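Engineer: this one's structure only:
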């Protein structure tokens, strides 16, 4: 019998305790008609052995082995090709979820006759235990999600793929895949933007929504999104988004994308200052200014000083203007 949901989990090097909690939370779902597509991305810490032990005990686990380290984007794509479920979900190997997550998402999609459904999520800092909640502000329209994605609104549920399910046939027919994350960052935002544009083209206006926090993301310094190597791939990401928006010929989308371009520069500049200091932040600005797309953004939108902005934002504006 076809699984109702295939859950794709790229697995690299992950602490055994977190990986076991991840797999246990999925195998103990109230929705039993699931398959776990575990894509082993050449782990070197024994994570593959853990998955193999689980697979021996539960036939719902399907293992794919990458011949070389593909990173998360291409690993997820391999999972899409191997998945057989009516819907597809994506999971990180160190996160966990509530037992009812996929049952609630599945029926939210079916009851709305929607190709996509999502729930709320939170992030739990592994060191401090601080929990950050992300809310959708009760708005689950396609247009709202597109706006939040283009603006790169980090407080919004629309940005990431963990708390979603997607109709597999819908993804296949529309050719929606993840970008190669060896070359480009923020693959989730690009993926979901493509999904929302494709949904809009089918005249769908609303997606399934579960107003409950069901997905728990574990935050720690080794998360890809907190690394400087990830940050240097941002120009390619924003160029890709701008190209997608340009094809739509929609001024409001273009305005939202420009807002997102600037917001992410501010956010990453602050992160460099906080994590690695001024030297690293200056190096980041120099790298961004080498990119024609970012230089165009600077000429069009950055003023030397804006009294309505915070000091770090004004410092970035100033540096973008004066640095060679």
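Structural biologist: Here it is on my side, so go on. Predicted model, so just to flag it, every value in this text is computed and none were measured.
Engineer: which outside residues touch stretch 119-133?
Structural biologist: 101, 104-105, 108, 134-136, 157, 160, 162-163, 209-220 (CB atoms under 8 Å, 6 or more residues apart in numbering). Glycine gets a C-beta too; all of them are placed from N, C-alpha and C.
Engineer: what do you get for stretch 188-204?
Structural biologist: Under the contact criterion CB under 8 Å, 6+ apart, stretch 188-204 has outside partners 114-116, 142-143, 145-146, 149-150, 152, 158-161, 164, 166, 170-171, 174, 176-179, 184, 207, 237, 240-241, 244, 248.
Engineer: If any of these are buried, put those into a ChimeraX selection.
Structural biologist: Buried members of these, identified by 16 or more other CB atoms under 10 Å, are gathered into one ChimeraX selection as follows:
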select :114,115,116,142,145,146,149,150,152,158,159,160,161,164,166,170,171,174,176,177,178,179,184,207,237,240,241,244
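Engineer: Just the buried subset of the contacts of stretch 119-133, please.
Structural biologist: Buried residues within those, counting neighbours by 16+ other CB under 10 Å: 101, 104-105, 108, 134, 136, 157, 160, 162-163, 209-210, 213-219.
Engineer: Those in helices, which ones?
Structural biologist: Using DSSP state H to define helices, the subset of those located there is 101, 104-105, 108.
Engineer: between the residues you listed, which is closest to residue 252?
Structural biologist: Distance to residue 252 across those (CB to CB) is lowest for residue 108, with 28.0 Å.
Engineer: who's in contact with that closest one?
Structural biologist: Residue 108 sits next to 114, 117, 119, 208-210 when contact means CB under 8 Å, 6+ apart.
Engineer: try it again with 7 Å
Structural biologist: Residue 108 is in contact with 117, 208-210, counting by CB atoms under 7 Å, 6 or more residues apart in numbering.
Engineer: I'd like the residues you listed laid out as TSV, including distance to residue 58 and pLDDT.
Structural biologist: Compiled in TSV, those are given as follows (distance: CB to CB, whole Å; pLDDT from 0 to 100):
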residue	distance to residue 58	pLDDT
117	25	94
208	27	89
209	30	89
210	25	91
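Engineer: Can you lay out those as JSON lines showing distance to residue 316?
Structural biologist: JSON lines is the format used below for the contacts of residue 108 (distance: CB to CB, whole Å):
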{"residue": "117", "distance to residue 316": "38"}
{"residue": "208", "distance to residue 316": "39"}
{"residue": "209", "distance to residue 316": "36"}
{"residue": "210", "distance to residue 316": "38"}
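Engineer: Tell me the one among the residues you listed nearest to residue 40.
Structural biologist: Comparing these against residue 40 with CB to CB places residue 117 closest, at 28.1 Å.
Engineer: Do me a favour and get the end-to-end distance for stretch 97-116?
Structural biologist: With CA to CA, to the nearest Å applied, stretch 97-116 spans 18 Å between its terminal residues.
Engineer: ranges for the strands of this structure?
Structural biologist: In order along the chain, the chain carries the following strands (DSSP state E): 5-11, 34-40, 61-65, 87-90, 96-97, 116-125, 131-134, 164-167, 208-219.
Engineer: Least confident of those, on average?
Structural biologist: Comparing these by mean pLDDT, the weakest confidence falls on strand 131-134, with a mean of 78.
Engineer: What pairs with that strand, parallel or antiparallel?
Structural biologist: Strand 131-134 pairs in its sheet with strand 116-125 (antiparallel), by DSSP bridges.
Engineer: Would you mark the buried spots in the longest helix anywhere in the chain?
Structural biologist: Longest helix in the chain by number of residues (criterion: DSSP H): helix 251-276. Within helix 251-276, the residues that qualify as buried are 253, 256-262, 264-265, 268-273, counting by 16+ other CB under 10 Å.
Engineer: neighbours of the closest residue in space to residue 71 that isn't next to it in sequence, just the number please.
Structural biologist: Using CB to CB, 6 or more residues apart in numbering and skipping the chain neighbours, the partner closest in space to residue 71 is residue 181 (4.4 Å). Neighbour count of residue 181, defined by other CB atoms under 10 Å: 21.
Engineer: residue contacts, residue 181?
Structural biologist: Residue 181 is in contact with 71-73, 187, counting by CB under 7 Å, 6+ apart.
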